[in-house]
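Peer 1: sequence unknown, structure follows:
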Ligand SMILES: [Zn+2]
């Protein structure tokens with residue numbers, strides 16, 4: 001018997017096959033791509049991460065103005 005393959009993670013669906021978690025964007029060929037990202041926009045390989053499109057990925061990494069925590073980013 002072979003142990004080969006035992007340590008490989010479960011195959012994930014390609015993020016392009018899933019709708020964007022933030023805007024519901026559905027990928028089609030030629031459209032903006034989707035990524036697995038954390039809530040703060042960090043690209044991740046975690047299976048339970050959100051799938052977002054590139055536009056929403058940018059929004060997560062650089063929050064739109066009006067943050068209610070009083071944090072200044074510049
Ligand atoms: Zn989106």
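Peer 2: Arrived safely. Nothing here was measured: the structure is a model prediction, and the numbers come from that model.
Peer 1: Checking residue 36 next. Helix, strand or coil?
Peer 2: The three-state assignment at residue 36 reads strand, by DSSP: H, G, I helix; E, B strand; the rest coil.
Peer 1: Bridged to it, which residues?
Peer 2: Listed by DSSP bridges, the beta-bridge partners for residue 36 are residue 51.
Peer 1: so what's it up against?
Peer 2: Contact partners of residue 36, counting by CB atoms under 8 Å, 6 or more residues apart in numbering, are 12, 15, 43, 44, 45, 46, 49, 50, 51. Every C-beta, even on glycine, is put in place using the N, C-alpha and C of the backbone.
Peer 1: Tabulate the residues you listed (TSV), appending neighbour count, secondary structure and pLDDT.
Peer 2: Below are the contacts of residue 36 laid out as TSV (neighbours: other CB atoms under 10 Å; DSSP: H, G, I helix; E, B strand; the rest coil; pLDDT from 0 to 100):
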residue	neighbour count	secondary structure	pLDDT
12	14	coil	79
15	19	helix	93
43	11	strand	93
44	13	coil	91
45	8	coil	83
46	12	coil	81
49	18	coil	93
50	20	strand	95
51	23	strand	96
